[in-house]
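> Here's a sequence, model it:
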Amino acid sequence: MERVGAETELSKMLNGKGDWMFYGHANASQTGIESWYLIDLQAFRAGLIRQGSEGLVWGNKSNSDGTRFTWFDIRSFPVEPPLVVVASR
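Numbers count the residues shown, from 1 in each chain. Okay, here's the model as predicted:
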């Protein structure tokens, strides 16, 4: 359950905390990571400022435990500055 008044991970990133974010996708059998990205959070913040929420592809997903997850399509971010530092493929 979401704790009232708790700062979310997204809020922390938007408020300048962190330099990079590791984001991985599980494989089909849920036994490991199939693909991953290292995201430059300075480029992430710059993309949000330049594109705004209307210029990016994003949404919210509700989880069965009552929490929510905000997702962003990295392909909708500006080319410069580069968002992805390195990726598994």
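> what ranges do the helices span in the protein?
9-14, 41-55 (DSSP state H).
> Those: which one's closest to residue 65?
Residue 65 lies closest, by Cβ to Cβ, to one member of the helices of the chain: helix 9-14, at 15.5 Å. (C-beta placed from N, C-alpha, C; glycine too.)
> Show me which residues of the closest one are buried.
By neighbour count on 16 or more other Cβ atoms under 10 Å, the buried set for helix 9-14 is residue 13.
> Quick one: list the elements packing against that helix.
When contacts are defined as 3 or more Cβ pairs under 8 Å, 6 or more residues apart in numbering; DSSP states H and E, helix 9-14 packs onto helix 41-55.
> if we can go back for a sec, please produce TSV containing the helices of the chain, extended by distance to residue 34 and mean pLDDT.
Compiled in TSV, the helices of the chain are given as follows (distance: least, Cβ to Cβ, whole Å; pLDDT from 0 to 100):
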stretch	distance to residue 34	mean pLDDT
helix 9-14	22	91
helix 41-55	22	89
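> Let me have the ones you listed in a markdown table, extended by distance to residue 64.
Formatted as a markdown table, the helices of the chain follow (distance: least, Cβ to Cβ, whole Å):
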| stretch | distance to residue 64 |
| --- | --- |
| helix 9-14 | 19 |
| helix 41-55 | 26 |
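> out of those, nearest to residue 71?
When those are compared by Cβ to Cβ, helix 9-14 sits nearest residue 71, at 10.2 Å.
> Put the alpha carbons of that closest one into PDB.
Backbone C-alpha positions of helix 9-14 (Å, rounded to 0.1, in the frame of the first residue of the first chain) are rendered in PDB as follows:
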ATOM      1  CA  GLU A   9      10.900   7.100  -6.800                       C
ATOM      2  CA  LEU A  10       9.700   9.200  -9.700                       C
ATOM      3  CA  SER A  11       9.400  12.200  -7.500                       C
ATOM      4  CA  LYS A  12      13.000  11.600  -6.300                       C
ATOM      5  CA  MET A  13      14.300  11.400  -9.900                       C
ATOM      6  CA  LEU A  14      12.400  14.600 -10.900                       C
END
